[in-house]
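S.K.: Okay, structure incoming, though there's no sequence with it:
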Ligand code: NDP
């Protein structure tokens, strides 16, 4: 399969890139700043250009358009798009009296709007692919039905908005045979999740990979839940 992954230079995106490569897929990995880890993977998987890396700040539509142009030099189709890139900008999780509203729109831009922009611009390539699969890495934090937090407004709001975007896409693109899924990857030891998290990036990536491949292979019958966790359990909207 040909897989496009955003935010692949560190954290879960890097681990997903590694896992898809190990499983023999061709990966197009986007980054904002290419670190040593992604460059190392590139050197390991240079045979047949199994890994291609592309610079792309997903909040900048012009950069998404440019990334698509680069992609089209190498392929005329993509099977799986994985919207992984996200930010958690609210430092220290302030209480209601101390919110810093300057981070709200930038959070929504990356976490909620950019995944939809990616879909819009990559759709012609996805429509030519066999996989017809769009995955957005969401979070249990985006669940309104199971909301327990008293803080973290901007991140939670951004993932709830992402969930709605993908739900509408499911209505629109499901008819064309597209599989759309929102996957909560678990609490993962990344810069965002912190060292005390329960899953290593590799463990989460292995589980998320399984959920993605099930989605590709089984298609998306009406009865399949759209919003699931890394173990496949449905999450309440
Ligand atoms: P990290 O903070 O470790 O990594 C985030 C990635 O997103 C980085 O590669 C970063 O690139 C990229 N990114 C951020 N902003 C942009 C942008 N504007 N354009 C392009 N890339 C960007 O997070 P995780 O790996 O933990 O998170 C991966 C996904 O999993 C996210 O969607 C997150 O919300 C979700 N998630 C994570 C959980 C966890 O416990 N870690 C729990 C639930 C969900 P750069 O290095 O350039 O900043």
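M.R.: On my side now, so go ahead. Keep in mind that this is a model prediction, so the values were computed, not measured.
S.K.: so how far is the ligand from the nearest residue to residue 150 once chain neighbours are set aside?
M.R.: The shortest distance from residue 150 to any non-neighbouring residue, by C-beta to C-beta, 6 or more residues apart in numbering, is to residue 95 (7.7 Å). (C-beta placed from N, C-alpha, C; glycine too.) Using C-beta to the nearest ligand atom, to the nearest Å, one gets 22 Å for the distance from residue 95 to the ligand.
S.K.: Isn't residue 95 up against residue 153?
M.R.: No: between residue 95 and residue 153 there is no contact under C-beta atoms under 8 Å: 10.2 Å.
S.K.: more neighbours, the two?
M.R.: residue 153 (17 against 9; other C-beta atoms under 10 Å).
S.K.: any idea how far the ligand is from the closest residue to the more buried one other than its chain neighbours?
M.R.: Take residue 153 and drop its neighbours on the chain: the residue closest to it by C-beta to C-beta, 6+ apart is residue 99, 6.8 Å away. Between residue 99 and the ligand the distance is 19 Å, computed by C-beta to the nearest ligand atom.
S.K.: neighbours around residue 99, how many?
M.R.: Using other C-beta under 10 Å as the criterion, residue 99 is surrounded by 14 other residues.
S.K.: My understanding was that it contacts residue 157; is that so?
M.R.: No: using C-beta under 8 Å, residue 99 is not in contact with residue 157; the gap is 11.5 Å.
S.K.: Helices of the protein, start to end?
M.R.: Along the chain, counting by DSSP state H, helices occupy 11-22, 36-44, 61-74, 104-108, 114-127, 153-173, 201-218.
S.K.: Flag every buried residue along the third one.
M.R.: Read that as helix 61-74. 63-64, 67-68, 71 (16 or more other C-beta atoms under 10 Å).
S.K.: quick one, what contacts the closest residue to residue 85 other than its chain neighbours?
M.R.: Residue nearest to residue 85 in three dimensions, not counting chain neighbours: residue 7, with 2.9 Å by C-beta to C-beta, 6+ apart. Residues near residue 7 by C-beta atoms under 8 Å, 6 or more residues apart in numbering: 13, 30-32, 58, 84-86.
S.K.: quick one: which two of those residues are the most distant?
M.R.: The distance between the two most remote of those (C-beta to C-beta) is 14.0 Å, for 31 and 86.
S.K.: Between these two, which has more neighbouring residues?
M.R.: residue 86 (26 against 23).
S.K.: thinking that one is in contact with residue 136, fair?
M.R.: No: counting by C-beta under 8 Å, residue 86 stays clear of residue 136, with 9.5 Å between them.
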